[in-house]
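>>> fold the stuff below for me.
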Amino acid sequence: MIGFFIALLSGAMMSVQGVWNTGVTKQTSLWVANGFVQITAFAVCMAGWFLEGRHSVLELLKVSPKYYLLGGILGACITWTVIQSMSSLGPAKATMLIVIAQLAVSYLIELAGIFGVERTGFVWHKLIGVLIMAGGIVLFQWGSES
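Numbering: from 1, shown residues only. Presented below is the predicted three-dimensional model:
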């Protein structure tokens, strides 16, 4: 049950962060804002590392497969794409599209069993759920145009 609440908190924080990062971008630049986000995230991670027990950073050399280490690059790309989408679409539409993309890609990862995730079988009701979400985006867009 705690995972459910953490996921809700995560989604809420992502939406707020996207709006804040877009605000910083409007007053500075995209790469200044993105860099600031990454530097402040690094500072928080360093504080957590000092407080939690300081495992060796050299443990990163043992990570396998090595492409797992590209998460930081994806983090910078995610920040860039969130800022760009919120700036051009607004927070609600951008977040809806981001969430449906997350759901669809996550489901495909599970179906294919890639990146070390256990493979699952295709289930029609999950596909229908994604399609209902996509329909919700259409309704949301249609409703805002009238």
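
>>> quick one, helices of the chain?
2-27, 30-52, 71-89, 91-112, 124-145 (DSSP state H).

>>> measure I100 to M133 for me?
As judged by CB to CB, to the nearest Å, I100 and M133 stand 5 Å apart. Where C-beta positions appear, they are placed from N, C-alpha and C, glycine not excepted.

>>> for the worst-scoring helix or strand of the chain on mean pLDDT, packing partners?
The helix or strand of the chain with the poorest confidence is helix 124-145; it has a mean of 82 (mean pLDDT, DSSP states H and E). Judged by 3 or more CB pairs under 8 Å, 6 or more residues apart in numbering; DSSP states H and E, helix 124-145 is in contact with helix 91-112.

>>> what's next to the helix it packs on, contact-wise?
Under the contact criterion CB atoms under 8 Å, 6 or more residues apart in numbering, helix 91-112 has outside partners 11, 14-15, 18-19, 22, 82, 85-86, 88-89, 115, 117-122, 126-127, 129-130, 133-134, 136-137, 140-141, 144.

>>> noted, bye for now.
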